[in-house]
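**Q** Got a sequence here, can you model it:
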Amino acid sequence: MLQRLAPGLTWFTPFIVKGLGFSQREAGWVSILPWVFGAIIVLLTGWVSQVWMARGMTTRGARGVLGSVPLIVGGLILAMLPYVDGAGLQVAFLVVGSGFCGSIYVVCPPMLGEFTPVSQRGAVISIYGAIYTLAGILAPSVMGSAIQRAAVPLDGYMTGFAINAVIMIASGLLGLLLLWPNTERARLIGEVPQPKFA
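**A** Reported below is the predicted structural model:
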């Protein structure tokens, strides 16, 4: 999540100026695209999740899968960034690929709230927030290190975005394997668990 947001805040504009050759004026307009697309993804994910829950889908599907699959898709798009030609297309891949991770922002707190006792819910969600914001410290320094070590800045940016893509894909795959909120809730309160692939 924040592994995408932190490099975006720190490195998106320098990338499109120094790496892709946009002017500062053009960069001002282009730099709003990740925020617009990210907001659309967040709102759309929340709406789809609520609709699916209302139609009786398990929280595994409406939250676990819905949060994980966009991470994988976004990571795959981001991984293709070095192989597309043209600055406009590269910006589009960067915006769309990294923007898909916004889906996980919406579904994590409800998943945690589903199987956490009410008395501990605030603490658990706060700990979750503290852990994922660590990326705000790590991600910019990893990207900066990749840029400094590269022969040319553009190669460093591409390496940093490739690292981001790998993290997104791995996180999405882990989510598909591990996010079973309804089964976890049943286990914790002693109900009969639902079938693993329900």
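**Q** which secondary structure elements does whichever helix or strand Leu43 is part of contact?
**A** Per DSSP states H and E, Leu43 falls inside helix 33-54. Applying 3 or more C-beta pairs under 8 Å, 6 or more residues apart in numbering; DSSP states H and E, we find helix 33-54 packed against helix 66-79, helix 87-99, helix 103-115. Just so you know, the C-beta spots here come from the backbone N, C-alpha and C atoms, and that holds for glycine as well.
**Q** Report the buried residues of stretch 16-26.
**A** 16-20, 22 (16 or more other C-beta atoms under 10 Å).
**Q** who does the longest helix along the chain touch, helix- and strand-wise?
**A** Longest helix in the chain, counting residues (DSSP state H): helix 153-178. Judged by 3+ C-beta pairs under 8 Å, 6+ apart, helix 153-178 is in contact with helix 2-14, helix 66-79, helix 87-99, helix 135-149.
**Q** Could you look up the next helix or strand downstream of it?
**A** That would be, after helix 153-178 and using DSSP H and E, helix 181-189.
**Q** C-alpha coordinates for that following helix, CSV please?
**A** Taking Å, rounded to 0.1, in the frame of the first residue of the first chain, the C-alpha atoms of helix 181-189 are listed here in CSV:
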residue,chain,number,x,y,z
PRO,A,181,-11.5,-13.3,7.5
ASN,A,182,-14.8,-15.3,7.8
THR,A,183,-12.9,-18.5,8.5
GLU,A,184,-10.7,-16.8,11.0
ARG,A,185,-13.7,-15.3,12.8
ALA,A,186,-15.3,-18.7,12.9
ARG,A,187,-12.2,-20.3,14.3
LEU,A,188,-11.8,-17.6,17.0
ILE,A,189,-15.4,-17.7,18.3
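**Q** State the distance from the closest residue to Val48 other than its chain neighbours to Val36.
**A** Distances taken as C-beta to C-beta, 6 or more residues apart in numbering place Leu66 nearest to Val48, at 6.4 Å, with adjacent residues excluded. Using C-beta to C-beta, to the nearest Å, Leu66 is found at 21 Å from Val36.
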